[in-house]
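>>> Below is the sequence, then the predicted model.
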Amino acid sequence: MPKPIADLIESFERLPGIGPKSSQRLTFYLLHFPQEELEKFAKSLIGLKTGTKLCSICKNVTENDICSVCDDPARDKKTIAVVASALDAFALEKTGFKGVYHVLHGIIDPLNNVGPEELFIKELVSRVKSLISESGEEDGGVEVILSTNTSMEGESTAMYISKIIRDGGIGEEKAKITRIARGLPVGGDIEYADDITLSRALDGRSKFA
Ligand SMILES: [Zn+2]
């Protein structure tokens, strides 16, 4: 196999969910692309990291020092949704959420060697602290919405963050800590839901009438 082809196959294989067969298929598919298209593709690959940075406030991926959400005066800066990834922030954004985000860039996962130090948790605590001191009053209306997945790792990450915030001297009177409601998915069938899902759906019930 010519080296340029073998090299590209090897690069594709490093992507998640792409095995040897798929990477061969993709490589030979690209071989039929016009050179101009390939150069455009290569350029966007190179620009992926050189053209982006992490927002200095929320750690979301952005082109500027401060992302468009943090920079928007219409957003409620005191309502922070803590999410595992930029994609999760993007999903919440589509719901019309009017607060701001804090992107952790992962969740605590000891089996895969991801500890709290690898995530932007310290930054979240100092962000909450400065929000509280800026507002100058005890009940400054700060809310941290823990919006990690309901997987075991997502749950323990949420638990860890709430503990670290409280241990950092930020009491209930200074900042509310909430968890996104868990329960039945849309179209979910009560009859077939497992016990944990159902009991969470009951716990997370909200006022209806
Ligand atoms: Zn931001």
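Structure received.
>>> Distance of the one residue sitting closest to the centre of the chain relative to residue 209?
Note on the chain: the residue nearest the mean C-alpha position is residue 85, at 2.1 Å, using C-alpha atoms, centre = their mean. Noted for residue 85: a distance of 37 Å to residue 209, by C-beta to C-beta, to the nearest Å. All C-beta spots, glycine's among them, are computed from the backbone N, C-alpha and C.
>>> What of residue 162?
31 Å.
>>> The two: which is more packed in?
For the pair residue 162 and residue 209, the greater number of neighbours falls to residue 162 (16 against 2), based on other C-beta atoms under 10 Å.
>>> Which residue comes closest to that one once chain neighbours are left out?
With sequence-adjacent residues excluded and distances taken as C-beta to C-beta, 6 or more residues apart in numbering, residue 162 is closest to residue 177, at 4.8 Å.
>>> looking at it, that neighbour is touching residue 146, isn't it?
Yes. The pair residue 177 / residue 146 is scored as a contact, 6.7 Å apart, by C-beta atoms under 8 Å.
>>> which residues do the two both contact?
Shared contacts of residue 177 and residue 146 (C-beta atoms under 8 Å, 6 or more residues apart in numbering): residue 162.
>>> which intervals of this structure have sub-threshold pLDDT?
By pLDDT under 70, the low-scoring segments of the chain are 137-140.
>>> As a check, name the ranges of all strands in it.
Here the chain has its strands, by DSSP state E, at 53-54, 61-62, 79-83, 100-103, 142-146, 175-179.
>>> Out of these, which gets nearest to residue 24?
Between residue 24 and the strands of the chain, the tightest spacing by C-beta to C-beta is seen for strand 61-62, at 30.7 Å.
>>> burial measure for residue 170, as a count.
19.
>>> quick one: contacts for it?
Going by C-beta under 8 Å, 6+ apart, residue 170 touches 125, 128-129, 132.
>>> would you list those in TSV and tack on distance to residue 106 and neighbour count?
Listed next are those as TSV, based on distance: C-beta to C-beta, whole Å; neighbours: other C-beta atoms under 10 Å:
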residue	distance to residue 106	neighbour count
125	17	18
128	20	23
129	22	17
132	26	19
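>>> how about the residues of the protein near the ion?
Contact residues (C-beta under 5 Å from the ion) of the chain with the ion: 55, 57-58, 60, 67, 70.
>>> quick one: which of those residues has the most company?
residue 58 (26 neighbours).
>>> How about that residue: what's its closest non-neighbour residue?
Excluding the flanking residues, the one nearest residue 58 by C-beta to C-beta, 6+ apart is residue 101, at 4.9 Å.
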